[in-house]
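> Fold the following and give me the result.
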Amino acid sequence: MANSPAAPILLELVDEDGTTTGTAEKLSAHVPPGRLHRAFSVFLLDDTGRLLLQRRALGKYHSPGVWSNTCCGHPYPGEPPFAAAARRVGEELGVAPFSMREAGTVRYHHPDPASGLVEKEFNHLFAGVVRDRLRPDAEEIADTAFVTPAELDKRHAEDTFSAWFMTVLDAARPAIREVTGGAAGW
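This is a model prediction of the structure:
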């Protein structure tokens, strides 16, 4: 029996204020010039204040093989961003975030030179702690690393990161500082 084609993945389109305006198929929303859509980015730290990074799997259609924040993605239409973020952390990393909190929102428009696709997102940010042993899904994640701020600076200078990484990290820094109690230097 032949496999039936998968249903298209839909994203929630939004206006500049984050109000839902409709839906679009995932890939079509990322084709230049891009369509503003809802997304989320998660930053999880260990109990010593090191940030968990992931290197995206080489099979990803968008930004394969680059380092990025702990987890990112898109809520299903109508799915609360917090629920989507917790769901994807479980799906990608095989753990549940501990004490995850909202960390604001940020809008951006970043072309990805490697793929030719565009990230035009209204991004909901979350920060929290991870305490369980990671069980990354190899279809999503090629590698993980916990880094201090100094180690991140060195890695960022030497490796390739996602086009959106510094934008979301800078926007999430106040919440990351709260999670670490300000002790880790974020």
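
> who does Trp110 bridge with?
Residue 110: His, not Trp. Per DSSP bridges, the residues bridged to His110 are Glu119.

> what about this protein, any weak spots by pLDDT?
Across the chain, the ranges flagged by pLDDT under 70 are 1-5.

> how about 90 then?
The model of the chain has pLDDT under 90 over residues 1-8, 59-64, 98, 112-116, 180-185.

> Figure out the helix or strand that the residue nearest the centre of it lives in.
Among the residues of the chain, the one closest to the centroid is Cys72, at 1.8 Å (CA atoms, centre = their mean). Here Cys72, judged by DSSP states H and E, is contained in strand 71-73.

> Quick one: distance of that strand to the chain centre.
3 Å (CA atoms, centre = their mean, to the nearest Å).

> going forward can the numbers begin at 277, since that is how I track them
New numbering, starting at 277: the last item is strand 347-349.

> Tell me which residues are up against the following helix or strand past it.
Moving toward the C-terminus from strand 347-349, the next helix or strand (DSSP H and E) is helix 357-369. Outside helix 357-369, the residues within contact range by CB atoms under 8 Å, 6 or more residues apart in numbering are 314, 316, 318, 320, 330, 346-352, 355, 371-373, 376, 378, 400, 402, 406, 410-413, 416-417, 420. Placement of C-beta: from N, CA and C, glycine included.

> mind listing the helices for the protein?
Ranges of helices in the chain, per DSSP state H, are 302-306, 357-369, 425-434, 441-456.

> Turn these into TSV, including distance to Val342 and mean neighbour count.
Converted to TSV, these look like this (distance: least, CB to CB, whole Å; neighbours: other CB atoms under 10 Å):
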stretch	distance to Val342	mean neighbour count
helix 302-306	15	17
helix 357-369	15	19
helix 425-434	11	12
helix 441-456	8	18
